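Participant: For reference, the sequence and a predicted model appear below.
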Amino acid sequence: MKSLIIKTILFFSLVCFIGYSLDPYFVEDKIDFRNYFAFYKKPKNSLNTITIGNSHEHCGLNSRIISGKCQINAYNLSMAGTNLNEMFSTLKEALRTQKSELVIIENFALLAPGQPQELLNKEGELIVNNPNFFYAKKTSFDKLKEANIIFNDNVYYKSFNIFRNHETWSDTETASNVLSKYLSSQKINNHYDNALGTTQINKSRAKKYSDTPFVDSITISKDQKRIIKEIISLSKENNFQLIFTTVPFFNLYYEKTKKEYNVAYKQLKDLIGNHENVKFLDINKIKNLDESYILDEKSKVLGNQHLNYKGKIIASNILANYINNNLNIKDVNYIKSLTLERLIYNVNNKEKDSSFLGSVNKVNGILNSGIKKNLPKEIIIPKQNNFIEI
């Protein structure tokens, strides 16, 4: 009987170990999961700066620019569609493996019109915007504990991707796509934790901002205030600097809504109070971004804009300058992760070099591999054109 019990325990432990090891691979091939997976692959305490937010930050802040210009190791752990409570959960998860000196919280998740003001339902359960913030986490006791306040049924089933996505077992194509990326150390090491939108808002959509009145009031709710206070308390407990920042909006939108945002900003500043380790920065007040910096989107929600790569460069530089001017944070190991951005922002006497060569990846949306046979040796881009014509 004793032997049977031991064998049962060993068998159960083996099943748990296999499930724990395989669980991160039974996920959808989405940026949410890749971003978390690459984060977990970072050596413990190798990141001294974490940025948290939703798609507004994912498209608006470039962690490599911030890292290069500030000589720190930053990682953007933002996820589209997340609310403040989900961001708080993500932050606590990040701090389990990374002892950060600086945490950057992007404000759009708590200030944007249409964001849920209440974060708990009548039963006291969390209101979830994007469940991937939970599914992407590593299996742990903390995750199982959190599952009990997110789901009201099938808690353990939903806590394990290997069970939740059991159909993936037979979908060899999906499984192959995930494994080819997750098992490649090169792809994981080169994972880019930011969006790289290159389009520019079209004129007809831009005109809607001129024609549309924006009348939504913008305030911070009781639930959001509680979470903000908890984030500030967490910063004290873990001894990190904290910046609440707002990535720039489209200038036509901001001019019409800044009075409403200022009401919410005053509430946020009151919560920050005299906490010396907590700062507030609205990048809109420093740089006015026109349509050339705004990503083209099909969404009907005008209040939700995202920056393209040009806007991201501007916003990231402004935030990096603020960090350099107001905080004393440097990472002695920052040079170990060599990137183009680190070279650009840390090499003196840079010169324009006409011999620098690159390659064409896409032309008019068509991959180079599909057009290279007929590609002319020279492509002329008219000054007034936004796109290459061949």
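Facilitator: Cool, the structure landed.

Participant: so where do the strands sit in the chain?
Facilitator: Secondary structure of the chain (DSSP state E): strands at 49-52, 74-76, 102-106, 241-246, 278-282, 362-363, 366-367.

Participant: okay, the angle between the fifth one and strand 241-246?
Facilitator: Relative orientation of strand 278-282 versus strand 241-246 (axes from the mean of the first three to the mean of the last three CA atoms, to 10 degrees): 20 degrees.

Participant: Flag every buried residue along strand 278-282.
Facilitator: Burial within strand 278-282, assessed by neighbour count using 16 or more other CB atoms under 10 Å, is assigned to 278-279, 281-282. All C-beta spots, glycine's among them, are computed from the backbone N, C-alpha and C.

Participant: go on, the third one?
Facilitator: By neighbour count with 16+ other CB under 10 Å, strand 102-106 contains the buried residues 102-106.

Participant: what residue lies at the spatial centre of the chain?
Facilitator: Closest residue to the average C-alpha location of the chain: residue 78 at 2.1 Å, with CA atoms, centre = their mean.

Participant: What's the separation between residue 27 and residue 132?
Facilitator: Separation of residue 27 from residue 132 (CB to CB, to the nearest Å): 9 Å.

Participant: Give me the common contacts of those two.
Facilitator: Residues touching both residue 27 and residue 132 (CB atoms under 8 Å, 6 or more residues apart in numbering) are residue 33.

Participant: any low-confidence regions in the stretch 151-300 of the chain?
Facilitator: 166-173, 175, 179-180, 183-184 (pLDDT under 70).

Participant: hmm, try it at 80
Facilitator: Per-residue confidence for the stretch 151-300 of the chain (pLDDT under 80) gives these ranges: 151-196, 299-300.

Participant: Residue 112: what's it in contact with?
Facilitator: 56, 303-304.

Participant: Next, count neighbours for residue 157.
Facilitator: Around residue 157 there are 12 other residues, counting by other CB atoms under 10 Å.

Participant: I'd say it and residue 144 touch.
Facilitator: No - checked against CB atoms under 8 Å, the pair residue 157 and residue 144 is beyond contact range at 11.7 Å.

Participant: if we can go back for a sec, now render the contacts of residue 112 as CSV, adding pLDDT and distance to residue 185.
Facilitator: Shown next, in CSV, are the contacts of residue 112 (pLDDT from 0 to 100; distance: CB to CB, whole Å):
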residue, pLDDT, distance to residue 185
56, 90, 31
303, 75, 41
304, 79, 36
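
Participant: in terms of contact, does residue 247 touch residue 315 like I think?
Facilitator: Yes - contact criterion CB under 8 Å: residue 247 and residue 315 qualify, at 5.3 Å.

Participant: list residues touching both of these two?
Facilitator: What both residue 247 and residue 315 touch, as defined by CB under 8 Å, 6+ apart, is the set 60-61, 283, 307.

Participant: between those residues, which has the most around it?
Facilitator: residue 60 (32 neighbours).
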